[in-house]
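Colleague: let's see this in three dimensions:
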Amino acid sequence: MHGWARAPPLEGGAHPLSTAAVWRGNRVPLGLSEHACVAFKLDAKALTDEILGVLKSHGIDFRANLVGQGYDGASVMSGRHTGVAARIKQEAPFAFYVHCHAHRLNLVLIDVVKSLPDAAQFSLLEKLYIFISGSYVHAKWLDVQKELYPNEQTRELKQLSDTRWACRYDTCKVMKERLHAVVRVLEGLANDCNADRAIDARGLLGQIDARFAMKLVIMTHILGKINQLSNLLQSANLDLVKAVELIETVRANLEEMRSDPASFDALWDEVEKNSAAPGFDTSECRSSRKRKLSTQLQEFVVTDSTGKQSGSTHSDFSVKDSTRINFYPILDHMLTEMTRRFSNEACELMKALQALNPQSAEFLSFEKMSGLILAFRANEEDLSHELHSAKRMLERRYKDLSDNEKPKSLLDFVRILGPYEEAFPEPYRLAKISIVLPVSSALAGSREKLLCSEINQNYTEKYNG
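Modeller: This next block holds a predicted model:
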């Protein structure tokens, strides 16, 4: 089962819900059921009863055949002992719960943005969007872009999203690329005949300086790393094997940024380039002046003051070095949050799925499949023999093929094993289960419908062809 969605309440306190379930049957390898219903209570017990009732109404033997469930991280759904996921797993022991990976990533981003010294900068971006979206100002915004960027298409500022924080990358990216135009528009309206509009323009213009431009480039760079992963995690063709590869890739990229000075040097070059267009000077970003020594201590040697604030002003450093000192803790925080958010039981299962990835060095390794064996109660002895035989069969079958012709994904592996299901029942069963385990609850139904269709077509061809 791949989660549920809730819309705003209807009259009388009813809540419309939708569910999507993927299950395996006796004569049909995989099935998909989608259902919309109404619930009058949203506590864990009521939601569990509603979901199980939907499965029963479709005649699905969920106790034996339900192999996965995915939701966001709300406590009512993911509570360890009394949440919906725990209650369903008591009824269906194979219904492994996966916390929506797109939601996990959203939580990482929220925590990282909160750690930024000037998270309030997002409020300024929202105010700029509101101001420039007005019809009178918007016309000038388009005219200024045509003047400054005659060979480029005009761009629109993006509104912030309170739920999908990865979308804030789009907001920062457009603002960074059109900062010169934003400044030009505000300067032109600072003395507008409309007093209210002129005051708003001057107020916004006063907050846009070299420090704002510098932080905008850094935020865009950091959010871009997360946004790329967020988009991929919501791809309709993504499976858990690819998800774990993408997460590890992003983590490796962040670690490289943290350890390689050249990465920050390249970022700083972009900061200076972006600041130059609107006429800003990065030297204006020099840290605040040193605190003056109390006159009562002028006759003493003072090495440090007990009232010194946390977060040194770094006034003895260059602007670039001061920025570097503030930049690295943000990367450290992001790495810590990614490790914390993607390191539980579900992620251990994801790592076990690498043994079913044809491009992994651990492909068909029995030792790496312990997570899958425990979660879905595979017969260890049979699985060990079948994996060994399957590996030898694939080696003989593809020894004369080029790398481009060999299987590259979990779905490719399922297609190959389909005709040999009776010879390799345990690997085929685990591969089918793995391919429909949820990555993101936002994808409930779309990817699974495609996968079920493909696998069932192979099944039909095998028995009726």
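
Colleague: how's the chain carved up into domains?
Modeller: If you go by automatic domain parsing, the domain ranges for the chain are 4-99, 107-287+313-341, 355-437.

Colleague: pick out the shakiest of these, pLDDT-wise.
Modeller: Lowest mean pLDDT within the domains of the chain: domain 4-99, at a mean of 70.

Colleague: Leu349 is nearest to which of the domains of the chain?
Modeller: For the domains of the chain, the distance to Leu349 is smallest for domain 355-437, at 4.5 Å, taking C-beta to C-beta. Just so you know, the C-beta spots here come from the backbone N, C-alpha and C atoms, and that holds for glycine as well.

Colleague: any idea how far the closest one is from the middle of the chain?
Modeller: Its chain's C-alpha centre lies 28 Å from the corresponding centre of domain 355-437 when counted by C-alpha atoms, centre = their mean, to the nearest Å.

Colleague: distance between the ends of that domain?
Modeller: 15 Å (C-alpha to C-alpha, to the nearest Å).

Colleague: what of stretch 151-159?
Modeller: With C-alpha to C-alpha, one end of stretch 151-159 sits 25 Å from the other.

Colleague: I'd like the next helix or strand past the strand or helix carrying Phe131.
Modeller: Phe131 is located in helix 121-133, with elements delineated by DSSP states H and E. Going down the chain from helix 121-133, the next helix or strand is helix 135-148, by DSSP H and E.

Colleague: so which residue is dead centre in the chain?
Modeller: Ser230 (3.2 Å; C-alpha atoms, centre = their mean).

Colleague: in this structure it contacts Ala102, no?
Modeller: Yes: checked against C-beta atoms under 8 Å, the pair Ser230 and Ala102 is within contact range at 6.3 Å.

Colleague: picking that back up, relative orientation of the helix holding Phe131 and helix 135-148 in degrees?
Modeller: Counting by axes from the mean of the first three to the mean of the last three C-alpha atoms, to 10 degrees, helix 121-133 points 100 degrees away from the direction of helix 135-148.

Colleague: helices or strands next to helix 121-133 in the packing?
Modeller: Secondary-structure packing of helix 121-133 (3 or more C-beta pairs under 8 Å, 6 or more residues apart in numbering; DSSP states H and E): helix 135-148, helix 168-177, helix 179-189, helix 195-205, helix 210-233.

Colleague: with only the CA atoms kept, save the helix or strand just after the longest one in CSV.
Modeller: Meaning helix 210-233. Next along the chain after helix 210-233, taking DSSP H and E as the criterion, comes helix 240-259. The C-alpha atoms that make up helix 240-259 are tabulated as CSV, following Å, rounded to 0.1, in the frame of the first residue of the first chain:
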residue,chain,number,x,y,z
LEU,A,240,14.2,2.5,-3.9
VAL,A,241,17.5,1.3,-5.3
LYS,A,242,17.9,4.4,-7.3
ALA,A,243,16.8,6.5,-4.3
VAL,A,244,19.6,5.2,-2.1
GLU,A,245,22.1,5.8,-4.9
LEU,A,246,21.0,9.4,-5.2
ILE,A,247,21.1,10.1,-1.5
GLU,A,248,24.6,8.7,-1.2
THR,A,249,25.6,10.8,-4.3
VAL,A,250,24.3,14.0,-2.7
ARG,A,251,26.0,13.2,0.6
ALA,A,252,29.3,12.6,-1.2
ASN,A,253,29.0,15.9,-3.1
LEU,A,254,28.4,17.8,0.1
GLU,A,255,31.4,16.1,1.7
GLU,A,256,33.5,17.1,-1.3
MET,A,257,32.3,20.7,-1.0
ARG,A,258,33.3,20.6,2.7
SER,A,259,36.8,19.2,2.2
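
Colleague: quick one: contacts of helix 240-259?
Modeller: 98, 101, 225-226, 228-229, 232-233, 263-264, 328, 331-332, 334-335, 338-339, 342, 347, 349-351, 353-354, 356-357, 360, 409-410, 434, 437, 439 (C-beta atoms under 8 Å, 6 or more residues apart in numbering).

Colleague: in that helix, which residues are buried?
Modeller: For helix 240-259, the neighbour count (16 or more other C-beta atoms under 10 Å) marks 240-247, 250-251, 254, 257-258 as buried.

Colleague: out of those, who's nearest Tyr428?
Modeller: Out of these, the member with the shortest distance to Tyr428 (by C-beta to C-beta) is Val241, at 16.0 Å.

Colleague: return the distance of the closest residue in space to Leu437 that isn't next to it in sequence relative to Lys432.
Modeller: Nearest residue to Leu437 in three dimensions, chain neighbours excluded: Gly68, at 4.4 Å (C-beta to C-beta, 6 or more residues apart in numbering). Distance, Gly68 to Lys432, by C-beta to C-beta, to the nearest Å: 11 Å.
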